[in-house]
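K.L.:
Sequence unavailable; structure follows:
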């Protein structure tokens, strides 16, 4: 292990140890205050607020990438660890799964943030490996251009085939069936799971006409098969990368709503309870 | 032959564009899975790709040059038109937002939604009630809703007093417990744990538990109309009382004297009565507990039927036998006798013409004339000692006044008392007794029923050196017995007898206050409350206890003048104010009568009388064996006993109270019904 690797490993260990210490301290304070008939909810509430604010700072860190405030990967690691700590502190604070009144909305938003965060964390642990195993790299934003480029080349090949052989077998197959497949990412769910449905679908159709192909037609058909193989990779990359981006559509808005409601909750507590 | 690009070709600098996912817009053609134009959307979201490029005018060459990017094929062969516009035009697309921009929009939407909800709460929510109203913590319990209605400001002072006050209240503490105590009151300290007196609090208790306990620590409001504020869980008790129990079998052992925290106020020895006296009495004796105890009114204790219905058949005669001497004629010397204003007495008294009187008066005057102050004039009280009550009444420190000179204050006062009684009747004696007793008991109570004529007749006779002999009245009352004014109690709980015993036990303390006649007061008290010889035989059964009700300390044993009281009433004092036990349901469940012995087992070795030999009321004594935890576990043990009905309810609050007596500070008025 390199020195840098050792430092990062030590940092991760410190993060874990820090999390355990925070949880232990909160648990002790909570227990102690309950024994003394105090309101541990006030302490756990403030700690919860502090941790939530720190979690939200990750977004600021991403926006201020030019400011040297630590590596983004370390921030993400801290975000994940503190996120888990926050779940525990929340359990101490709320002491119920389904509170009543507006606090139910607060709880639901918290659950949305936490659940989406956990899903996002799992995706970030699993998806990169799946993408690497594809053997084909594609940038998510560039997938439409890739597909358009592929279609252009297929259409050139089909026209060339018609011109050279005078046969309508491949052009007709493409026009009536394969054009639908190459139009946009298809079989997204199947691609996400990693089944061979899409590949079977294309090859089944090409196989069904293969006995009618002769000479140059066979070469053009092979080109179609190659495009289909790449399309399968692109579709899978689209599905996986899409998931990696879409969980934030829940996580980030729910966080904003949660933060505002937390502040409102804080105000109400201090007006009516404390 | 057409072929696909290899990976290295796809990412060549001149073949691929630089993607910027943080931009707000993306090409509409790409959004429709077409080929995006190289220029892309403009910053304002309009299409920027209606031409293939934006031609550049080269000043040196003085002509327009194509600027189509290499990734889109490089400069076109046609080049820009003469007016500088691109030759490759295409219809505009409708750019779409990028995923990042959509995420931002959703975040904004979430913010607005929450703000809108909070705003709606502020505008419409102050009335409370709605579950989604963030200003409402939920409906009140029925008991509070009845008085408070929807007036949140009754408890939450920051509510409904304007936005300024509302905001300011964020920074000011709101003592809810103080608000609770506006209406609720408890015996003992208001804000200590269990309303303990400050001095009784454990020394290691945190400060805030000493003086700042919060009602809301246990009582949680806003649980709805059905919310039971007083139904607390065992877990709440276990917060402080760390002995946690799964069932009653785990309860700590009872005190070895339970349930006798002190002796009873009335001495009734169940052991001797049930074991000896009742069998001897035969048919008239009680058969079982129900003959003496009224189980129909059983609550914390089971009341008795009273003396007349239970004890009187055997013990009624004991009271009638014990007359009380309130005042007796002391022996007067010849000098004292002649010092009486006989002329005036002669005017007041109608029957002074006896020969005995004149013989005595002549003899006494002759003796005085001869200088023999103690000469014999055949006094009717010759050799009689003054009884302790009279001694206290006239303020004499001796049981005779014979040897005192006639002008001694004690003698002088006594002679004047005779004159006053002869003149006014009972009133002078009543005033004197009330004054001597420090006003603790009124003279009219002490001498209730004594007629002026009776007393005047006695005084006129005594000052004439004549005895009066009357029979004790049937049914009790005042009478003159020779040289004494006596009272015979009419029966149990005779008010005059009770008044004199109350005076007797109070007299030493009064004497101590006045620093005079302490010894006489103590002797009088002891005479009146003597169980063996005391009048009315009251203290044979009624205990005499320290007035403080506290245990008797060793140093206090020697102080005979300390205040004591006669325990007139049966005291149903629970084991502790924090322990409650209801006999009713137990009797109903186990059956009346014989079921009492299920818990109350006679202690054959009990010596209840010994506990009444001391003034210390806190000496635990009972005719019954102590009740241990095992007795309760028989039924409340969480299913340990298959022979009896098992009580499921084993919670702390089944037997324990948190507060001392709770009450309301104000008379509550219900809120008027809400009209639409």
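P.N.:
Thanks, I have it. Only a predicted model underlies this, so the values are computations on that prediction, with no experimental measurement involved.

K.L.:
Make sure residue A:154 is indeed in a strand.
P.N.:
No. Counting by DSSP: H, G, I helix; E, B strand; the rest coil, residue A:154 falls outside a strand, being helix.

K.L.:
quick one: contacts for residue A:119?
P.N.:
For residue A:119, the contact set (CB atoms under 8 Å, 6 or more residues apart in numbering or on different chains) comprises residue A:247. Bear in mind the C-beta positions are built from the backbone N, C-alpha and C, glycine included.

K.L.:
How much space separates it from residue A:16?
P.N.:
22 Å (CB to CB, to the nearest Å).

K.L.:
which residues does the residue nearest to residue B:505 when sequence neighbours are not counted contact?
P.N.:
Leaving aside its sequence neighbours, residue B:505 sits nearest to residue B:564 (CB to CB, 6 or more residues apart in numbering or on different chains; 4.9 Å). Residues counted as contacts of residue B:564 (CB under 8 Å, 6+ apart) are B:505, B:525, B:544-547, B:615.

K.L.:
So in terms of bridging, what pairs with residue B:564?
P.N.:
Residue B:564 forms beta bridges with residue B:546, as assigned by DSSP bridges.

K.L.:
any idea how far it is from residue B:545?
P.N.:
Residue B:564 sits 6 Å away from residue B:545, going by CB to CB.

K.L.:
Spell out which residues are contacts of both of these two.
P.N.:
Residues touching both residue B:564 and residue B:545 (CB under 8 Å, 6+ apart): residue B:615.

K.L.:
out of the contacts of residue B:564, which are buried?
P.N.:
B:505, B:525, B:544-546, B:615 (16 or more other CB atoms under 10 Å in any protein chain shown).

K.L.:
Stretch B:24-39 close to chain A?
P.N.:
Yes. Counting by CB under 8 Å from any CB of the partner chain, chain A is contacted by stretch B:24-39 at B:26, B:29-31, B:33-36.

K.L.:
Can you classify the residue minimising distance to the centre of chain A by secondary structure?
P.N.:
The C-alpha lying nearest the average C-alpha coordinate of chain A belongs to residue A:244 (CA atoms, centre = their mean; 2.2 Å). Secondary structure for residue A:244, judged by three-state DSSP, is helix.

K.L.:
pLDDT at it, what is it?
P.N.:
Looking at residue A:244, its pLDDT is 94.

K.L.:
Quick check: residue B:455 touching residue B:425?
P.N.:
Yes. Residue B:455 is in contact with residue B:425 according to CB atoms under 8 Å; the separation is 6.0 Å.

K.L.:
List the residues that contact residue 72.
P.N.:
In the absence of a named chain, chain A is used. A:61-62, A:65.

K.L.:
sorry, should have said chain B
P.N.:
By CB under 8 Å, 6+ apart, the neighbours of residue B:72 are B:37-38, B:52-53.

K.L.:
circling back: redo the buried ones among the contacts of residue B:564 as TSV? Include pLDDT.
P.N.:
Listed next are the buried ones among the contacts of residue B:564 as TSV, based on pLDDT from 0 to 100:
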residue	pLDDT
B:505	91
B:525	91
B:544	89
B:545	88
B:546	84
B:615	82
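
K.L.:
Now tabulate the residues you listed in CSV and tack on distance to residue B:476.
P.N.:
Below are the buried ones among the contacts of residue B:564 laid out as CSV (distance: CB to CB, whole Å):
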residue, distance to residue B:476
B:505, 22
B:525, 23
B:544, 23
B:545, 27
B:546, 31
B:615, 29
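
K.L.:
of these, closest to chain A?
P.N.:
residue B:546 (36.5 Å; CB to the nearest CB).

K.L.:
What are the phi and psi values at whatever residue of the stretch 501-650 of chain B ends up closest to chain A?
P.N.:
Of the residues in the stretch 501-650 of chain B, the one nearest chain A is residue B:578, at a distance of 16.8 Å by CB to the nearest CB. For residue B:578, the backbone dihedrals (degrees, to the nearest 10) come out as phi -100, psi 0.
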